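> need a 3D model of the following:
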Amino acid sequence: MSVIRPLIRLLPGTSLSRLTGALSLALAAAPAGAIDLMQAYERALSQDASYQAARADADARREAVPQALAQLMPNVSSNLSRSKNITEQRSPNVLGVLGKTNYEYFSSNYGISLRQPLFRKYNFALYRQAKSDVETAEASLDKSLQDLVVRMAGSYFDALMAKSQYALVMAQKDAYGLQLAAAKQSFAKGQGTVIDVDDAQARYDMTVAQELEALQNLSYTRRALQVIVNEPVEAVADLVPARMELTPPFPDNVEEWIARAEETNPELRALRASMESANQELAKARSGHYPTADLFVQRSMSESDNNVSINSRYLTSQAGVQVSIPLFSGGYVSSQMRQARANIQKIEQQYEGRRREINLQVRKEYQNITEGIAKIQALQQAERSAERALDSNQKGLPAGTRSRVDILNAQQQLINTKRDLVQARLTYILARVRLQGLVSSLNEKEIQTINNWLETPRS
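Here you go, the predicted model:
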């Protein structure tokens, strides 16, 4: 109701209860069915499609380590076969006559083998690369979580801002409507001018158009929040300015925040892990110049293996070391190494560019918080001054020192100040959210702190 009380003292005959009832729907705090920030956060964690996709991607990428480790472990395999064979033999006898002999027999082969890699630089590099890739996946998942909270908070406070703007437009519309009615009444009695009527009519008509725009924006912002929480959003809990804690960032040194961001920012962590993965890709390429050595053990049995060993059985055991030495691959390995070095350089430059951008973002959000506190305090004073100015203009109307146009201008100034104050408060809150997200400390505790500044929804 703080939005409209300075607007209802329009004329001595204005009904306070009439205006209060007309605007209570637009300004009702935390109605039944409203969602607060913590509820939106909890539902977004389980319902946001982008975050769920990121979690599934991280689960898949974590499997890279056991897969790479398997390449260093023994490999055991077995094989067996059994077949029926028919052999037709044609050969001359002692008299030189060509004779034919048919053989029908079953043959079988059974074997089991074990191979243990002893020296494979490629597999060692693959394992180290897999661990780097998992670090990248974990950092990317953390980034997705931070992004989710920032998106959720942004959508929530966009909806809250739209709600406040709609309430202000409705308050302004009713105030202009009463001024228009009073101007027409005074003109009919010969006490006013047509200019007062026309000016009040023009302002009233403008608020009608603004009402449609504000209502459309209110519906859109609620639907944007609905996309994240995956359920209809009827209303959002209102901000209670008296509960807000206007505290500067701690520590109060932007350079410390920048250093913290460079160490903990999930995107930078992911890029550092990607650089290590690229270095291991180079090691994998370089391994093409190195020999490989495997220990192998094999035991096999064959029976009637061919037509000259019918009814014969052989049992063979083997153990040894197999060494493979690459000699020449047509320049393939050298090309792979050049490609890997180029990829390393690319990621290094991506890291440096993103590091600079994040430094700039930290400075921006830090400044939005520190300057936002001063701006909120200045606008609170401006709001009080605008309320006094409106009251003075209203009192000056009967005395003839102020016109209805002066009152309309004072009302417009008060509405603009209130709108700017709401925007400044929400900008301050979102700057806190974004700054914590940049240093990967945007968690449930921070969300609960901000949620305590909201009106408790009615059940």
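> let me know the helix or strand that E357 is in.
Following DSSP states H and E, one finds E357 within helix 332-399.
> should've said Q191
Per DSSP H and E, there is no helix or strand for Q191.
> could you check how far it is from F119?
Per CB to CB, to the nearest Å, Q191 is found 105 Å from F119. Glycine gets a C-beta too; all of them are placed from N, C-alpha and C.
> more crowded one of these two?
Neighbour tally, Q191 and F119, criterion other CB atoms under 10 Å: the higher count belongs to F119, 13 against 10.
> show the contacting residues for the more buried one.
Contacts here follow CB atoms under 8 Å, 6 or more residues apart in numbering; on that basis F119 touches 290-293.
> now with 6 Å?
Neighbouring residues of F119 by CB atoms under 6 Å, 6 or more residues apart in numbering: A293.
> so it bridges to which residues?
A293 (DSSP bridges).
> in the protein, which spans are strands?
Secondary structure of the chain, counting by DSSP state E: strands at 34-35, 75-92, 98-119, 235-236, 292-303, 313-324.
> closest one to L218 among those strands?
Across these, L218 has its closest neighbour in strand 235-236 (9.8 Å, CB to CB).
> show me what the closest one is packed against.
strand 34-35 (3 or more CB pairs under 6 Å, 6 or more residues apart in numbering; DSSP states H and E).
> next, count neighbours for V405.
So V405, with other CB under 10 Å, has 17 neighbours.
> next: the one 10 residues further on.
Residue neighbour count, defined by other CB under 10 Å, stands at 23 for I415.
> next: Q448.
Count around Q448 with other CB under 10 Å applied: 12.
> over to Y204?
By other CB under 10 Å, the residues close to Y204 number 20.
> just list the residues touching it, thanks.
The contact partners of Y204, by CB under 6 Å, 6+ apart, come to 176-177, 180.
> residues of stretch 46-57 that come out buried?
With burial defined by 16 or more other CB atoms under 10 Å, the residues of stretch 46-57 counted as buried are 48, 51, 54.
> likewise for stretch 238-250?
For stretch 238-250, burial by neighbour count (16+ other CB under 10 Å) applies to 238-239, 244, 249.
> how about the residues you listed in a markdown table, adding distance to D142?
As requested, the buried residues of stretch 238-250 are exported to a markdown table (distance: CB to CB, whole Å):
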| residue | distance to D142 |
| --- | --- |
| D238 | 32 |
| L239 | 28 |
| M244 | 28 |
| P249 | 21 |
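> domain assignment for this protein?
Domain assignment for the chain by automatic domain parsing gives 5-72+120-290+329-451, 76-118+292-325.
> so for the shortest one, mean pLDDT?
pLDDT averaged over domain 76-118+292-325 equals 87, rounded to a whole number.
> straight-line length of it, end to end?
End-to-end distance for domain 76-118+292-325: 24 Å, by CA to CA, to the nearest Å.
> repeat that for stretch 299-318.
Start-to-end span of stretch 299-318 (CA to CA) is 6 Å.
> for stretch 221-238, same thing?
Across stretch 221-238, the terminal residues are separated by 15 Å (CA to CA).
> quick one: contacts for M161?
Residues near M161 by CB under 6 Å, 6+ apart: L426.
> state the distance from it to E211.
From M161 to E211 the distance is 16 Å (CB to CB).
> one step back: can you tell me which of the domains of the chain is most buried?
Highest mean neighbour count among the domains of the chain (mean count of other CB atoms under 10 Å): domain 5-72+120-290+329-451, with a mean of 17.
> and for V149, nearest residue in space, chain neighbours not counted?
L442 (5.0 Å; CB to CB, 6 or more residues apart in numbering).
> which residues sit against stretch 376-391?
Residues contacting stretch 376-391 (CB under 6 Å, 6+ apart): 6, 410, 413-414, 417, 420-421, 424-425.
> phi, psi for the residue nearest to V149 please.
Backbone geometry at L442, expressed as degrees, to the nearest 10, gives phi -80, psi 100.
> which pLDDT value belongs to it?
For L442, the model assigns a pLDDT of 90.
> got it, and the one 3 residues further on?
The confidence metric pLDDT takes the value 92 at K445.
> on that earlier part again, adding distance to M152, write the strands of the chain out as CSV.
Shown next, in CSV, are the strands of the chain (distance: least, CB to CB, whole Å):
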stretch, distance to M152
strand 34-35, 11
strand 75-92, 48
strand 98-119, 48
strand 235-236, 12
strand 292-303, 51
strand 313-324, 55
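> of the ones you listed, which is nearest A261?
The nearest among the strands of the chain, by CB to CB, is strand 235-236 at 29.9 Å.
> just checking: what are the partner strands of the closest one?
If you go by DSSP bridges, strand 235-236 pairs up with strand 34-35 (parallel).
> list of residues touching the partner strand?
Identification of contacts with strand 34-35 by CB under 6 Å, 6+ apart yields 233, 235-237, 457.
> quick one: the residue sitting nearest the centre point of the chain from I407, how far?
Closest residue to the average C-alpha location of the chain: D147 at 2.9 Å, with CA atoms, centre = their mean. For D147, the distance to I407 (CB to CB) stands at 47 Å.
> N311 now?
119 Å.
> do you know how far E371 is from Q377?
11 Å.
> out of the contacts of Y204, list just those in helices.
Counting by DSSP state H, the part of the contacts of Y204 found in helices is 176-177, 180.
> go through the strands of the chain and name the closest to V65.
Once these are compared by CB to CB, strand 98-119 is nearest, at 17.0 Å.
> centre of the chain to the closest one, how far?
Chain-centre distance of strand 98-119: 59 Å, with CA atoms, centre = their mean, to the nearest Å.
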